[in-house]
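Q: Sequence below, structure please.
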Amino acid sequence: MAVIDALDKPVAETIARFIDALWAERGLSKATLDAYQADLARFAASEQCPSNGLLAVAPGDIQAYLAARTGPGNSPRSVARLLSSLRQFYRHERRAGRITADPTALIDSPAQGQRLPKTLSEADVEALIRAPDTDTELGLRDRAMLELMYAAGLRVSELVSASLSQVNTRQGVIRVMGKGGRERLVPIGEAAGAWIQRYVAGARGLLLGAHVSDALFVTGRGGAMTRQNVWHRIRGHAERAGIAKAVSPHALRHAFATHLLNHGADLRAVQILLGHADLSTTQIYTHVARARLKALHGEHHPRG
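A: Here you go, the predicted model:
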């Protein structure tokens, strides 16, 4: 039996009212709503929750509940997620006027280690890029798309919004509109430039047919590719390439940064190429490249 079914009816109704509000206000997925419901139901059923219900909770009750779930088998990230669910609930109840103070307001989230980005090896990237059948219009488009994503480290949103006029294959650059409207000029390299030229000269026009579009990468229906299109195509090519790990568009961006650092690129240069406003955002890639740095140390240091 689900935890929610074991709760007293008034408590279950309080949680259900909050879940309904989340769905109406934010349109969250069923999986996300189920996660919120499960977190609240477990807290309501715990010994730390007062017998007179969720709305009688004090900050000490929540702190005791989180403390009981801190330790072996419970990562700081999972505890932080529990606290986030409780925060959302009590903020909602405070705005609705059903409580006078938010018991989570002064509780800090647990410290979390950095989550390292998932990346691909250079062999993985090579296999992925070679997977599309370039004898077809869609395959040629996808080859050019993958070459560009890896060569320029583009976000998927930057890729699908790129226009034909933003690419200059003669100069070997693409003008990218990034987050916050920040513009950057990124080199694309000879290989990506050559595949883009080949795609634009043939497959792009055939895909467009009688349609007109300024989008660089277009579909067989004559419109710009969407983020979902890109995800679907990359996953299909990864399967064909025999790559066992999960591959996303962002994995190519991570590979771009990691491989540049592995080959000696300066962190500040990688920051500029990625379009990160803050160097600290880029520094996570030094952790990903640590194995390469360790190998270099072992190879070249006299006492390595």
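
Q: Show me what the longest helix anywhere in the chain is in contact with.
A: As assigned by DSSP state H, the longest helix anywhere in the chain is helix 76-95. Residues outside helix 76-95 that contact it (C-beta atoms under 8 Å, 6 or more residues apart in numbering) are 15, 18, 21-22, 35-36, 39-40, 43, 54-55, 57, 62, 65-66, 69-70, 99-104, 107, 109-113, 115. For the C-beta atoms, the positions are set from N, CA and C on the backbone; glycine is no exception.

Q: Now, of those, which are buried?
A: The neighbour-count test (16 or more other C-beta atoms under 10 Å) marks 15, 18, 22, 36, 39-40, 43, 54, 57, 62, 65-66, 69, 99, 102-104, 107, 110 as buried among the contacts of helix 76-95.

Q: quick one on the thing from earlier: can you pull the buried residues of the longest helix of the chain?
A: 79-80, 82-83, 85-90, 92-94.

Q: tell me which of the residues you listed is nearest to residue 131?
A: Nearest to residue 131, judged by C-beta to C-beta, of the buried residues of helix 76-95 is residue 80 at 37.7 Å.

Q: the strands in the stretch 51-200 of the chain, which residues?
A: Counting by DSSP state E, counting those that start in this stretch, one finds strands in the stretch 51-200 of the chain at the ranges 167-168, 173-177, 183-187.

Q: Using JSON lines, lay out these together with distance to residue 266.
A: What follows is these, written out as JSON lines (distance: least, C-beta to C-beta, whole Å):
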{"stretch": "strand 167-168", "distance to residue 266": "24"}
{"stretch": "strand 173-177", "distance to residue 266": "19"}
{"stretch": "strand 183-187", "distance to residue 266": "15"}
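
Q: circling back: average model confidence for the longest helix of the chain?
A: Helix 76-95 shows a mean pLDDT of 89.

Q: Export that helix to CSV, keeping only CA atoms.
A: C-alpha atoms of helix 76-95 as CSV (Å, rounded to 0.1, in the frame of the first residue of the first chain):
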residue,chain,number,x,y,z
PRO,A,76,23.3,15.0,0.5
ARG,A,77,21.5,15.4,-2.9
SER,A,78,18.6,13.2,-1.8
VAL,A,79,18.3,15.0,1.5
ALA,A,80,18.4,18.3,-0.4
ARG,A,81,15.6,17.1,-2.6
LEU,A,82,13.5,16.2,0.5
LEU,A,83,14.0,19.7,1.9
SER,A,84,13.1,21.2,-1.5
SER,A,85,9.8,19.4,-1.5
LEU,A,86,9.0,20.6,2.0
ARG,A,87,10.0,24.1,1.1
GLN,A,88,7.6,24.2,-1.9
PHE,A,89,4.8,22.9,0.3
TYR,A,90,5.2,25.3,3.2
ARG,A,91,5.8,28.3,0.9
HIS,A,92,2.5,27.4,-0.8
GLU,A,93,0.7,27.0,2.5
ARG,A,94,2.1,30.4,3.7
ARG,A,95,1.0,32.2,0.6
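
Q: all numbers from here: first residue = 493
A: Happy to do that; since the first residue is 493 now, the last one works out to helix 568-587.

Q: How far away from the center of its chain is that helix?
A: Computed by C-alpha atoms, centre = their mean, to the nearest Å, the chain-centroid distance of helix 568-587 equals 22 Å.

Q: what's the answer for stretch 731-746, then?
A: 13 Å.

Q: Also stretch 638-650?
A: For stretch 638-650 - counting by C-alpha atoms, centre = their mean - the centre lies 14 Å from the chain centre.
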